[in-house]
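Q: Below is the sequence, then the predicted model.
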Amino acid sequence: MSAFNLLHLVTKSQPVALRACGLPSGSCRDKKTCKVLFSQQELKKRLTPLQYHVTQEKGTESAFEGEYTHHKAQGVYKCVVCGTPLFKSETKFDSGSGWPSFYDVIASDTITFTDDYSFGMHRVETSCSQCGAHLGHIFDDGPRPTGKRYCINSASLSFESTDMNQSGEGSIGSTAAQADKTEL
């Protein structure tokens, strides 16, 4: 059984809190480098149980079941914890892995990389540089131009769509606000 299949089997049967290298889960590795801090109590109130599990306990959502796995709208994917813009929809691609995949980030300083030796293998964990939220992992099997695949949990993301306003300029609006618009 491959490591991927084993990981999927374990996470499918029950949520698993991953604690790579003995580091504290979810929060910035060094509180001094964390730019945005939230109390665990606040996060438990604000996030869904799955969002909390993924971002604060380094959990993994089930493959092919995340909200943004097959999402095709144009816009920006942000950290669900602090709202930092992370990925543009133009860099999203279908990797077949079961999780949203991106080949590049909006800015190189938005993601922190940490070695992850959980499940007896070496991977590189990605987390939000602003708040320390666990996002997913990065692999070297992505498309050009970067060759990277940011394999990200939908539960760690929020989405803001971009639409064309009447003057033809792009604007950003939340998906909830877009759903409330009615045509006259």
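A: Alright, I've got the coordinates.

Q: Residue ranges in the protein under the pLDDT threshold?
A: Applying pLDDT under 70 to the chain flags the ranges 1-33, 164-184.

Q: What is the longest strand along the chain packed up against?
A: The residue-count maximum for a strand in the chain (DSSP state E) belongs to strand 157-164. Under the contact criterion of 3 or more Cβ pairs under 8 Å, 6 or more residues apart in numbering; DSSP states H and E, strand 157-164 touches strand 75-79, strand 170-174, helix 175-180. Where C-beta positions appear, they are placed from N, C-alpha and C, glycine not excepted.

Q: give me the number of residues near residue 86?
A: Per other Cβ atoms under 10 Å, the neighbour tally for residue 86 reads 26.

Q: now do the one 5 residues further on
A: When neighbours are counted by other Cβ under 10 Å, residue 91 registers 19.

Q: buried stuff in stretch 80-93?
A: Within stretch 80-93, the residues that qualify as buried are 80, 81, 82, 84, 85, 86, 87, 88, 89, 91, 92, counting by 16 or more other Cβ atoms under 10 Å.

Q: and of those residues, the nearest to residue 145?
A: Closest approach between those and residue 145, by Cβ to Cβ: residue 91, at 10.0 Å.

Q: what does stretch 62-78 contact?
A: Contact partners of stretch 62-78, identified using Cβ atoms under 8 Å, 6 or more residues apart in numbering, comprise 8, 11-12, 84-90, 92, 94, 97-100, 102, 106, 152-155, 157-163, 172, 175.
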